[in-house]
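Undergrad: Show me the folded form of this:
(one chain, ligands or ions: 2)
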Amino acid sequence: MNHFDYLVLGSGIAGLSFALQVAPRGRVAIVTKKDRAESNTNYAQGGIAAVTSKEDSFELHVRDTLAAGAGLCKDNVVRTIVSEGPARIAELIELGMQFSEREVAGPNGTRELDLGREGGHSKRRILHAKDVTGREIERALLNAISQQPNIQIFENHVAIDLLTSQKLGYVGANRCLGAYVLDKKTAAVETFAAPVTLLATGGCGKVYLYTTNPDIATGDGVAMAFRAGAAVANLEFVQFHPTCLYHPKAKSFLISEAVRGEGGVLKTVEGVEFMDAYHPLKSLAPRDIVARAIDSEMKKSGADCVLLDITHQPAKFIIERFPNIYQTCLRYGMDITKEPIPVVPAAHYQCGGVVTNVDGETEIAGLYAVGEVACTGLHGANRLASNSLLEALVCAHRAARRMAENPWPPNEVKIPPWQSGDASNPDEMVVVAHNWDEIRRCLWDYVGIVRTNKRLQRAQARLAHLQQEIHEYYWNFTVTSDLLELRNIATAAELIVRCAMMRPESRGLNYNLDHPHANPDWAQRDSVVRKSG
Ligand code: FAD
Ligand code: SIN
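TA: Ligands and ions are numbered 1, 2, ... in the order given. I've put the predicted structure just below:
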């Protein structure tokens, strides 16, 4: 049994930022299922939205966030996160994060932060490190963590389930006591006990066949919290990024919205601009509108993709501003300074998640959730670009502060070791692979950018059948990380469908042809789901 003061599940921006904050007050375990840097954070391109320029204001950032969120954002949460952003950014810079800068016009050659622009933002306010912002964030945070003797990182360790007092049969308010964790190298299941557990496991892009997310994004946090009895909400709001590279050999490579921010224009494969028919902001319209427009153009023409053209910008500018995108496309045989980029929409971001307040507190005592796994009310029905890294930074800090003000007493509860029952080695991995593919295709086909009631019902029926099969398989065999992830994507998929079926309207990212308009009765209502029984 491993005893710590803080158990952090996940090593993206949320988990690492939190660990750094609490380390001076106790021993911290960071459990992460692959290498320490492997996370959605590591692939973030565009940057972090924060008010840092004289031309900008908190009021404008709040207004843009609320407009994108289509009526469902929590006003106080938006204001808190937006207004605390600049202080958190300053701390990140203090830790060694290097944002891109530009020379200011004038005689003395001073430099200032270079601010990018993305869809839905009325001002340039995106701080970035060229087009590899996330990689630089992980580098800076992991470097700071390596100097903290109180933090221990457990790589290749997969959290299986949260340990709660209720699950162990104790009466009274439910309390989180830690987690069972699979060590992938030894195949042993270990117990991690701690008075405080932070879920920072990121999102669930892998629930969909096509996604910008890396393989870690299997909805583990939402699934674990749901199984433990916490409320989850607004999972129907899956954000599809309009521009994922379309190439048979490119797995999940994003073409940043910042490319459109620097003048990139969307065109059909025939080279005709089409966004002016959909929104006055054209290619820089909010993401849900651009993704739906592309989907509609592709369906109309039968084409496999659309094009994103930035060739009118000088080659030197493109190569310096977007070195990763330029080099990656070049490896696939495309010179983006000379030819447009083939792109398609792909699942990108989970706007809903485990219900928390702005301090990361969930309904279960001792369990916190921060980052993409959480639903704080910042994003509402559609996240404003580059607000997620900001949310993770601010809420990780607030959760750590909250714990300092109200420390949890140590757990007195006796925790039994993991029981694997009558387990034998899984000899039919083909079943796992098949179910995995079926879920991802089902969500893509039936619960995608455009939904209908009938498609949602079909998805629900298929998923119920798959859940049954997975449940039997899970209990009969030794757990492996593939099996754990399969169980979690199945749960995340089911929750997305349940939330989508609860909402009888189209709002933000939830577009349903049977309810094509916003329903005023649902203007302020979250779709909340809890485990029954
Ligand atoms: P993550 O960074 O995803 O970290 C999750 C961690 O949890 C990982 O370490 C993972 O291994 C671990 N984990 C998961 N399950 C388990 C388990 N069962 N056991 C143990 N460990 C587990 N947002 C912006 O604001 N600006 C951007 O420019 C931007 N660009 C993006 C580009 C891409 C390609 C993608 C995919 C996303 C982008 N986003 C961007 C979204 C943003 O990157 C994420 O929302 C954010 O990084 C999430 O941070 P996180 O710490 O919550 O989770
Ligand atoms: C991008 O660079 O387009 C991603 C930004 C985001 O998802 O916030």
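Undergrad: Check which helices and strands the helix or strand residue 389 falls within is in contact with.
TA: Assigned by DSSP states H and E, residue 389 falls within helix 387-405. Judged by 3 or more CB pairs under 8 Å, 6 or more residues apart in numbering; DSSP states H and E, helix 387-405 is in contact with helix 13-22, strand 48-49, helix 75-95, helix 133-146. Bear in mind the C-beta positions are built from the backbone N, C-alpha and C, glycine included.
Undergrad: For the residue of the chain at minimum distance from ligand 2, grab the count of nearby residues.
TA: Here the chain gets closest to ligand 2 at one residue, residue 46, 2.7 Å apart by CB to the nearest ligand atom. Other residues near residue 46 come to 24 when the count uses other CB atoms under 10 Å.
Undergrad: cool, residue 289 as well?
TA: Neighbour tally, residue 289, other CB under 10 Å: 17.
Undergrad: just checking, residue 500 touches residue 456?
TA: Yes: Residue 500 lies in contact with residue 456 (CB atoms under 8 Å); the separation is 5.5 Å.
Undergrad: Give the intersection of the neighbour lists for those two.
TA: With contacts defined as CB atoms under 8 Å, 6 or more residues apart in numbering, the residues shared by residue 500 and residue 456 are 447, 512.
Undergrad: phi, psi of residue 179?
TA: phi -160, psi 150 (degrees, to the nearest 10).
Undergrad: ugh, wrong one, residue 348
TA: According to degrees, to the nearest 10, the main-chain angles of residue 348 amount to phi -130, psi -40.
Undergrad: same question, residue 60
TA: phi -70, psi -40.
Undergrad: I'd like to know which residues of the stretch 351-500 of the chain are adjacent to ligand 2.
TA: Within reach of ligand 2 by CB under 6 Å from any ligand atom, the stretch 351-500 of the chain has these residues: 385, 386, 388.
Undergrad: Let me know the closest of these to residue 397.
TA: Residue 397 lies nearest to residue 388 out of those, by CB to CB, at 15.2 Å.
Undergrad: Now do the helices in this protein.
TA: Under the criterion DSSP state H, the chain contains helices at 13-22, 58-68, 75-95, 133-146, 220-228, 257-261, 287-301, 315-321, 323-331, 387-405, 429-446, 453-476, 481-502.
Undergrad: Pick out the residue of the stretch 101-250 of the chain closest to ligand 1.
TA: Here the residue of the stretch 101-250 of the chain nearest ligand 1 is residue 202; by CB to the nearest ligand atom that distance is 2.5 Å.
Undergrad: Would you confirm that that residue contacts residue 13?
TA: No: counting by CB under 8 Å, residue 202 sits too far from residue 13 to count as a contact (9.4 Å).
Undergrad: So for these two, which residues contact both of them?
TA: 39, 41, 371.
Undergrad: which residues sit against stretch 526-533?
TA: Contact with stretch 526-533 is made by 72, 226-227, 229-236, 352, 355, 375, 495, 498-500, 502-503, as judged by CB under 8 Å, 6+ apart.
Undergrad: ok, residue 41 - contacts?
TA: By CB under 8 Å, 6+ apart, the contact list for residue 41 reads 12, 13, 134, 137, 138, 202, 389, 392.
Undergrad: Next up, the contacts around the closest residue to it other than its chain neighbours.
TA: Closest residue to residue 41 apart from its sequence neighbours, by CB to CB, 6 or more residues apart in numbering: residue 12 at 3.8 Å. Residue 12 makes contacts with 39, 40, 41, 42, 138, 200, 202, 371, 372, 392, as judged by CB under 8 Å, 6+ apart.
Undergrad: gap between the nearest residue to residue 464 once chain neighbours are set aside and residue 367?
TA: With CB to CB, 6+ apart as the criterion, residue 464 has its nearest non-adjacent residue at 7.7 Å, and that residue is residue 494. Relative to residue 367, residue 494 is positioned 21 Å away (CB to CB, to the nearest Å).
Undergrad: So those two - more neighbours on which side?
TA: In terms of neighbours (other CB under 10 Å), residue 367 is the more surrounded of residue 494 and residue 367; the figures are 28 against 22.
Undergrad: partners of that one in the sheet?
TA: In this entry, residue 367 is beta-bridged to residue 197, by DSSP bridges.
Undergrad: quick one: contacts for it?
TA: 162, 164, 176, 197, 199, 225, 228, 230.
Undergrad: quick one: pLDDT of the nearest residue to residue 315 once chain neighbours are set aside?
TA: Leaving aside its sequence neighbours, residue 315 sits nearest to residue 337 (CB to CB, 6+ apart; 3.8 Å). For residue 337, the model assigns a pLDDT of 98.
Undergrad: do the one 5 residues further on as well
TA: The confidence metric pLDDT takes the value 97 at residue 342.
Undergrad: again with residue 422
TA: 63.
Undergrad: on that earlier part again, now the residue nearest to residue 315: phi and psi?
TA: phi -80, psi -10.
Undergrad: Check whether it really touches residue 327, as I assumed.
TA: No: Residue 337 lies out of contact with residue 327 (CB under 8 Å); the separation is 11.8 Å.
Undergrad: okay, these two: which has more neighbours?
TA: More neighbours surround residue 337 than the other of residue 337 and residue 327, with 18 against 12 (other CB under 10 Å).
Undergrad: ok, back up a step: name the residue in residue 500 and residue 456 with the higher neighbour count.
TA: For residue 500 versus residue 456, neighbours defined as other CB under 10 Å are more numerous around residue 500 (23 against 20).
Undergrad: Please see if the helix holding residue 389 touches ligand 1.
TA: Yes: applying CB under 6 Å from any ligand atom, one finds helix 387-405 in contact with ligand 1 at 387, 388, 389, 392.
Undergrad: so who does residue 27 touch?
TA: 4, 5, 6, 150, 152.
Undergrad: Could I get the phi/psi values of it?
TA: With angles defined as degrees, to the nearest 10, residue 27 sits at phi -80, psi 130.
Undergrad: mind checking pLDDT for it?
TA: Per-residue confidence (pLDDT) for residue 27: 97.
Undergrad: same deal with residue 156?
TA: So residue 156 comes in at 98 (pLDDT).
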